[in-house]
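> Got a sequence here, can you build the structure:
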Amino acid sequence: MAGPLPLSFLRSYADADALPFTRAEIALVGRSNVGKSSLINALANHKRLAKTSKTPGATRLLNAFEMAPADSGLWLMDLPGYGFAKVSKAERAKWANLLTRYIEERESLVGVLQLIDGAIGPTALDLQTLEWLRSLGRPITFVATKLDKVRPSKSKKRRNEVVEALGVARSEILWVSAEKGTGIPELRARIVHLLDEG
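I've put the predicted structure just below:
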């Protein structure tokens, strides 16, 4: 199992075309309130690395985090969330375009972490995004967040529901809790493996 990822925040990009060449990148994709920033902080064991907010939609740009050493060219990308953010339609369309262009065109993208809210299961938007990612042939790692919000008595049923909705094997879904640290070492190991392979 891997220890904390040596991540540092590089900068935010408003345009996918402005991104420099890198060796390998992994992107975090998910709904606006799925907990992407909290997950990044848990992966690095650093509470303030990624900005968290109680208001969904805090991530509005392509946020680049680099693995040490500096200039390694191994990046974790936090992308704008889709779904419930309370912003204008024009702003939502801008985010969608940014995310779409990055996922479809980025050559150094070696994998996508699709985050699913484990407390509620995959939404229609999650499934639509999954279909799109599959159509592009992007390697997907499924991460079910907020495991701590799932009651133990409901855990087995919820896991079965998520497996069925995504149409994947149980082993393909990593269940994590950024709050409790559950599943974080396994996810760190998966990220390191993907970046090394890339």
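
> where's Gly167 relative to Lys146, distance?
Gly167 sits 21 Å away from Lys146, going by Cβ to Cβ, to the nearest Å. Just so you know, the C-beta spots here come from the backbone N, C-alpha and C atoms, and that holds for glycine as well.

> The two: who's more crowded?
Lys146 (22 against 11; other Cβ atoms under 10 Å).

> Give me the phi and psi angles of the closest residue to that one other than its chain neighbours.
Spatial nearest neighbour of Lys146, excluding adjacent residues (Cβ to Cβ, 6 or more residues apart in numbering): Ala119 at 4.6 Å. Per-residue torsions, Ala119: phi -70, psi -20 (degrees, to the nearest 10).

> Enumerate every residue touching Ala119.
Neighbouring residues of Ala119 by Cβ atoms under 8 Å, 6 or more residues apart in numbering: 146, 149-150, 158.

> Now a PyMOL select for only the buried ones of those residues.
In PyMOL, this line selects whichever of these come out buried by 16 or more other Cβ atoms under 10 Å:
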select buried, resi 146+150+158
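
> which residue ranges form the strands in this protein?
Using DSSP state E, the strands assigned to the chain run over residues 7-13, 24-30, 62-67, 74-78, 109-117, 140-145, 173-175.

> I'd like to know which of these is closest to His46.
strand 7-13 (7.4 Å; Cβ to Cβ).
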